[in-house]
Each structure stands twice: as structure tokens, then as C-alpha cells.
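K.L.:
with the input below, show me the fold.
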Amino acid sequence: MSFLKGLRCRECAREFPAKAIFVCEYCFGSLEVDYDYSAIAGRLTRHAIQSRPASIWRYRELLPIDGDPTVGFHTGMTPLFRAEGLGKALGVKELYIKDDSVCHPTLSFKDRVVSVALSRAKELGFDTAACASTGNLANSVAALSAKAGMKRVIFIPADLEAGKVIGSLIYNPRLVAVEGNYDEVNRLCAEVAARYKWAFVNINIRPYYAEGSKTYGFEIAEQMGWSTPAHIVVPAASGSLLVKIWKSFKEFHKLGLIPSSKTRFYAAQADGCAPIVTAVLEGSDIIKPVKPKTIAKSLAIGNPADGYYAADAIRETGGSGAAVTDAEIVDAMKLLAQTEGIFTETAGGVTVAAAKKLIDEKRIPRDESIVICITGQGLKTQEAVADHVGRPIRIKPTLASFEEQMRHHQV
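P.N.:
You can find the predicted model right below:
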């Protein structure tokens with residue numbers, strides 16, 4: 001049974017059929033999915049959700065497909081846990097981490113959005129998946145389209161981290177390295193999408209793709225005992241993840257699954273690419289594009305597609321944002337590893353560092369519940385910390401050599 005009604009313009013509210021379109025032909029506003037919530041309310045209950053397999057598809061009614069899902073059965077239900085060590089280091093009472101760097105096929109939250117996008121793309125008759133990516137999306141499209149039996153063409157900036165390049169090539173896609181930044185790659189892909197009948201997950205399939213991010217928020221609410229935190233810090237690239245977590249809380253409340261959410265949202269960005277945070281802190285409705293310059297390449301989108309909506313969500317919930325330096329990113333990656341045993345990619349370093357800044361500046365209270373979103377695995381961005389983690393202690397294969405070195409190094 002389908003609960004997908006169609007697409008609706010986020011600006012003028014005109015309605016469109018649920019096809020491979022993403023822009024309103026009247027006002028050029030972006031499109032998002034519309035559901036039959038009255039029908040969903042009679043079917044989606046806490047008991048129904050908890051009785052289903054531990055994947056994103058336990059929330060099937062609130063995801064944009066007509067039939068049964070075909071991609072992503074091993075995606076979702078990543079850990080949410082109390083971060084005692086990091087909480088102590090940051091001086092806060094109740095800190096949680098939602099960790100999407102584990103359990104997923106390609107170890108990032110992008111497996112959520114791609115699972116939904118490809119399931120819908122197959123329903124629409126596409127046999128080729130494509131994307132413009134800063135790395136994690138490339139890995140996910142390459143892997144999940146291979147599993148789905150689809151052809152794949154993936155576009156990335158030519159200076160991407162080696163781990164993410166190899167993490168795509170292993171699945172044998174056509175990987176196209178463009179000599180330019182992500183925004184230039186994305187512009188090229190918009191032209192390619194207009195000419196080739198390919199399912200570009202973050203262009204012509206974007207309304208469906210973006211809905212996959214809601215499952216991150218659904219899981220947080222379910223894992224917190226059908227409630228939401230007082231504060232949530234979200235890494236912001238396009239801004240879509242923040243917007244969709246916000247939407248997920250509103251949908252759960254609309255369906256009577258959780259009380260009204262009072263969560264305040266905070267965007268985390270790098271100093272070298274912070275158009276959303278800048279607009280929030282300046283109180284501006286204008287998202288001014290920037291040319292990215294940061295080690296956090298997975299967040300290096302200088303002209304964020306959902307920037308306006310992310311800033312609006314932040315303002316409406318009474319939140320804020322913080323931008324952090326590359327040095328702060330590296331320090332935060334090390335802090336998270338040494339307190340919680342999590343090796344996050346640079347985006348996670350941005351989020352932890354931004355949370356620290358927001359707490360230190362008293363914009364997030366120390367005595368209220370906080371969730372920090374970790375969205376990717378650190379093994380993909382080892383270059384960022386390679387020169388900041390020391391070197392192994394070299395010894396000869398003798399006890400004497402070991403004990404001699406131990407006299408010089410405290411364990």
C-alpha cells in the first residue's frame with residue numbers, strides 16, 4: 001500500500017505527480033514529498049514499528065515508495081548511547097551520540113538516503129544511478145547500486161581523500177574526477193542529468209533521496225524512549241540532514257508517536273565553508289555562497305541547496321550554529337576517539353568541536369540533554385590526522401629492548 005501522494009513545492013505549495021522532478025515549473029522552488037498522513041495514522045504505531053526488522057524500512061509508511069523496498073535492508077538502527085567520557089570532558093550532564101559511522105554498508109549516514117533514492121529510482125524505471133559527491137555519497141551510490149544490479153556513474157572533485165576514492169572504485173563504477181570543487185561538480189551534473197536518463201540521486205531524484213535522512217531522526221526519537229532531546233548538533237553541508245531530522249520529529253508528533261518536540265537545532269560547519277552558520281549568526285535570510293577551504297571536505301558545499309530551510313529550522317526552534325577551525329576539527333576528532341573510542345571522519349570533528357564551542361559560550365546549557373550527530377567513519381579521512389597522532393614505538397624483538405623503551409615512554 002502506498003502512502004505517497006505526490007510532490008509539493010516548498011515555496012508556492014503547488015502539487016506535482018511523484019515523478020523524477022525536483023523543481024517547481026512555476027516558481028522554481030524545490031519540491032518535497034507529500035504523504036497521506038490520515039491513512040498513516042491508522043497504521044503506524046509504536047508497536048508496529050518495534051515489531052519490524054531493525055532497518056530504515058521499519059518506518060516504511062513515512063518513506064516515499066509505492067511498493068515494497070528493494071534497497072537498504074541492512075541500513076539503519078545505528079547506535080544511540082550515553083557519552084559519559086565526552087560528556088565529562090565537555091562538562092555537560094546528559095550527552096548522547098548518534099553514531100552513523102558504524103553498522104551501515106559504507107559507514108556513513110548517506111546509506112540511508114541512497115537506500116530510499118534507489119528504491120524509488122527502480123520504481124520509476126531507471127537502470128543507472130548517478131550522483132555528485134564529496135565522498136560519502138559516492139561510496140554509498142557505488143555500493144548500493146552494485147547490490148541493486150544498477151549501472152552507476154559517479155562524479156567527485158578531483159582532490160578527494162584517497163580513502164573515499166578507493167571506497168568507490170572497489171565497486172567498479174564509472175568514477176569521474178572533476179577538476180573543481182563540489183559546487184562546480186554539481187553544476188556539471190545538473191547539465192548531465194538534463195541530457196541522460198540517469199537517476200541522479202541528489203538532483204532529479206532529490207525529493208525522495210532527502211526523505212531518507214528522516215530515519216536518522218526517527219531512530220533518535222525511538223531510541224530515546226519516544227521523546228526528543230533538548231538540543232541536537234548536526235553537521236551541515238547542504239543543510240538537508242538538519243531539515244529532515246526536524247521534519248521527522250514533527251511527523252512523529254503529528255502521528256501521536258511522541259509529545260510535541262521542543263528540540264533546539266544547531267548547525268555545525270567549518271570556518272572555511274560556513275554559509276549557513278554565517279546567515280544564522282548574522283540574522284540574515286540570505287545564504288551567501290562561499291568558496292570552500294577546509295579539511296572537512298564532506299561538508300565543503302559553498303552553495304547549500306537547503307541552506308535557507310536549515311537556517312529557518314534553526315531560528316524556528318531557537319537554536320544557533322558554530323563554525324570551527326581546521327585545528328579545532330583535528331583536536332575534536334582526537335577527543336572523541338580518546339573519550340568514546342569512536343574514530344570519526346572530519347565532519348564528526350566539526351560537530352564535536354562546534355558542540356564544544358556552543359557549550360563553552362553557554363549557547364547550549366550544561367544541564368540539559370544534548371545529542372551530537374556523528375555521520376561518517378574516520379578511516380575515510382585519515383589524512384586529516386596523520387600528522388597529529390604521533391608514531392609507533394619501534395623496538396627490537398627482545399624483552400630488553402622493550403623494557404628500555406618503556407623507561408622512556410609512560411604507558
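
K.L.:
so where do the helices sit in the stretch 101-250 of the chain?
P.N.:
Assigned by DSSP state H, counting those that start in this stretch, the helices in the stretch 101-250 of the chain fall at 110-123, 136-147, 162-169, 182-195, 206-211, 214-223, 240-254.

K.L.:
what packs against the first one?
P.N.:
Judged by 3 or more CB pairs under 8 Å, 6 or more residues apart in numbering; DSSP states H and E, the packing partners of helix 110-123 are strand 128-132, helix 136-147, strand 199-200, helix 206-211. The C-beta positions use only the backbone N, C-alpha and C, and glycine is treated the same way.

K.L.:
swap the cut-off to 10 Å and go again
P.N.:
strand 128-132, helix 136-147, strand 199-200, helix 206-211, helix 214-223, helix 240-254 (3 or more CB pairs under 10 Å, 6 or more residues apart in numbering; DSSP states H and E).

K.L.:
angle of it against strand 128-132?
P.N.:
140 degrees (axes from the mean of the first three to the mean of the last three CA atoms, to 10 degrees).

K.L.:
now the fourth one
P.N.:
Using the same axes, to 10 degrees, the inter-axis angle of helix 182-195 relative to strand 128-132 is 150 degrees.

K.L.:
now swap in the last one and tell me
P.N.:
Calculated by the same axes, to 10 degrees, helix 240-254 forms an angle of 110 degrees with strand 128-132.

K.L.:
how far does helix 240-254 sit from its chain's centre?
P.N.:
Relative to the centre of its chain, helix 240-254 is centred 13 Å away, using CA atoms, centre = their mean, to the nearest Å.

K.L.:
which of the helices of the stretch 101-250 of the chain is buried the deepest?
P.N.:
Compared across the helices of the stretch 101-250 of the chain, helix 110-123 shows the largest average neighbour count, a mean of 29 (mean count of other CB atoms under 10 Å).

K.L.:
centre of the chain versus that helix, how much separation?
P.N.:
14 Å.

K.L.:
same check, this time on stretch 330-345
P.N.:
Relative to its chain's centre, stretch 330-345 lies at 18 Å (CA atoms, centre = their mean).

K.L.:
and for stretch 272-282?
P.N.:
18 Å.

K.L.:
how about that stretch: buried residues?
P.N.:
Buried residues in stretch 272-282, counting neighbours by 16 or more other CB atoms under 10 Å, are found at 272-280.

K.L.:
next one: stretch 11-19
P.N.:
In terms of neighbour count (16+ other CB under 10 Å), stretch 11-19 has its buried residues at 16, 18.

K.L.:
do me a favour and get the end-to-end distance for that stretch?
P.N.:
19 Å (CA to CA, to the nearest Å).

K.L.:
got a list of contacts for that stretch?
P.N.:
2, 4-9, 22-31, 33-34, 64-66, 120, 123-124, 204, 207-208 (CB atoms under 10 Å, 6 or more residues apart in numbering).

K.L.:
hmm, back to that, can you list the helices of the stretch 101-250 of the chain in TSV and add distance to residue 356?
P.N.:
Output for those, formatted as TSV (distance: least, CB to CB, whole Å):
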stretch	distance to residue 356
helix 110-123	25
helix 136-147	23
helix 162-169	26
helix 182-195	26
helix 206-211	29
helix 214-223	21
helix 240-254	18
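
K.L.:
so which of those is nearest residue 392?
P.N.:
Nearest to residue 392 among those is helix 162-169; the distance by CB to CB comes to 20.1 Å.

K.L.:
contacting residues around residue 401?
P.N.:
394-395.

K.L.:
quick check: the residue nearest to residue 86 when sequence neighbours are not counted vs residue 97, distance?
P.N.:
What sits nearest to residue 86 in space, not counting adjacent residues and going by CB to CB, 6 or more residues apart in numbering, is residue 339, at 4.4 Å. Per CB to CB, to the nearest Å, residue 339 is found 10 Å from residue 97.

K.L.:
cool, thanks, talk later.
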